[in-house]
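Q: coords below, sequence missing:
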């Protein structure tokens, strides 16, 4: 009988500790989790008796050059946000894997990163291929890729996306073809570069039809025939 009573006491104690730890880490413990704005509060005194001996959180180290998300399915996936907002500390420099870690092929360095995937749940609640890893910094920069890139900008609360590519100009016509990314509804901006360089050639198109990819070079006041050749571009758009 003593064995049974001991087991029951231990089980209840363990259960209580798990419940308490969700809302406080020490001192004043509260079980009113649903009525709080945080699920973990480690701000109370009690971790140290010295004012000079502070405490912090040590994040697990993650190698984003090899990291891939667990393959989601409707039966085992518990993150309908498709990991949007997930935070890691990256321990290696390199590039992310081509598949399984967002858009793939991203350059990363040691430091804190968060997974930006605001539309992962729109078409497919379990899609992680639409997201990218963004570093924590005062001036976070996105790297525009040949796959859809989530930029740091919004217009009237609408997310701005970016993608880079190339198009050919014949030298005799104002018409060019710029394929529209999947889901694009309108062009926000375009920057056209001299092929193979970072020298801006133009920031204008006379017209652009996302449905067909047909574009006319030049400005709203005058269409322009671009010299024969290949041009690089960064297309920014809305969905």
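A: Nice, thanks for sending it over. All values derive from a computational prediction rather than experimental measurement. Residues are numbered from 1 along each chain as shown.
Q: excluding its backbone neighbours, what's nearest residue 67?
A: residue 101 (5.6 Å; C-beta to C-beta, 6 or more residues apart in numbering). For glycine as for every other residue, the C-beta is placed from the backbone atoms N, C-alpha and C.
Q: For that neighbour, give me its contacts.
A: 64, 67-69, 128, 133 (C-beta atoms under 8 Å, 6 or more residues apart in numbering).
Q: what's the closest non-adjacent residue to residue 90?
A: For residue 90, the spatially nearest residue (C-beta to C-beta, 6+ apart) is residue 64, at 4.5 Å.
Q: now that neighbour: how far from residue 166?
A: Look at residue 64 and residue 166: by C-beta to C-beta, to the nearest Å, they are 28 Å apart.
Q: If you count surrounding residues, which of those two has more?
A: residue 64 (25 against 13; other C-beta atoms under 10 Å).
Q: What strand or helix carries the residue lying closest to residue 146 once chain neighbours are set aside?
A: In space, and not counting its chain neighbours, residue 146 is closest to residue 164: 5.6 Å by C-beta to C-beta, 6+ apart. Per DSSP states H and E, residue 164 falls inside strand 158-169.
Q: just residue 142 next, same as before
A: Going by DSSP H and E, residue 142 is not in any helix or strand.
Q: Now do the nearest residue to it once chain neighbours are set aside, the pLDDT please.
A: Of all residues not flanking residue 142 in the chain, residue 151 sits nearest, at 5.2 Å (C-beta to C-beta, 6+ apart). For residue 151, the model assigns a pLDDT of 84.
Q: Hmm, residue 68 is touching residue 100, no?
A: Yes: under the criterion of C-beta atoms under 8 Å, residue 68 makes contact with residue 100 at 3.1 Å.
Q: tell me the centre residue of the chain?
A: residue 116 (1.8 Å; C-alpha atoms, centre = their mean).
Q: and that one, bridged to which residues?
A: residue 132 (DSSP bridges).
Q: same check, this time on residue 218
A: residue 223.
Q: okay, now it: neighbour count?
A: 17.
Q: swap in residue 108?
A: 22.
Q: Against residue 135, how distant is the residue lying closest to it once chain neighbours are set aside?
A: For residue 108, ignoring the flanking residues on the chain, the nearest one in space by C-beta to C-beta, 6+ apart is residue 64 at 4.8 Å. Distance of residue 64 to residue 135, given as C-beta to C-beta: 10 Å.
Q: What of residue 83?
A: Taken as C-beta to C-beta, the span from residue 83 to residue 135 is 16 Å.
Q: So for those two, which sits in the more crowded spot?
A: Using other C-beta under 10 Å as the criterion, residue 83 and residue 135 rank with residue 83 on top: 20 against 16.
Q: Now the more buried one. Its backbone dihedrals?
A: The phi/psi pair for residue 83 (degrees, to the nearest 10) reads phi 70, psi 10.
Q: For the strand holding residue 164, which strands pair with it and how are they oriented?
A: Partners of strand 158-169 in its sheet, by DSSP bridges: strand 149-155 (antiparallel), strand 229-238 (antiparallel).
Q: Please identify the most buried of the ones you listed.
A: With neighbours defined as mean count of other C-beta atoms under 10 Å, the strands paired with strand 158-169 peak in mean count at strand 229-238, which reaches a mean of 18.
Q: and that strand, how far from the chain's centre?
A: 22 Å (C-alpha atoms, centre = their mean, to the nearest Å).
Q: Name the residues that touch that strand?
A: 144, 151, 155, 158-169, 171, 176, 178, 180-181, 184-197, 201, 210.
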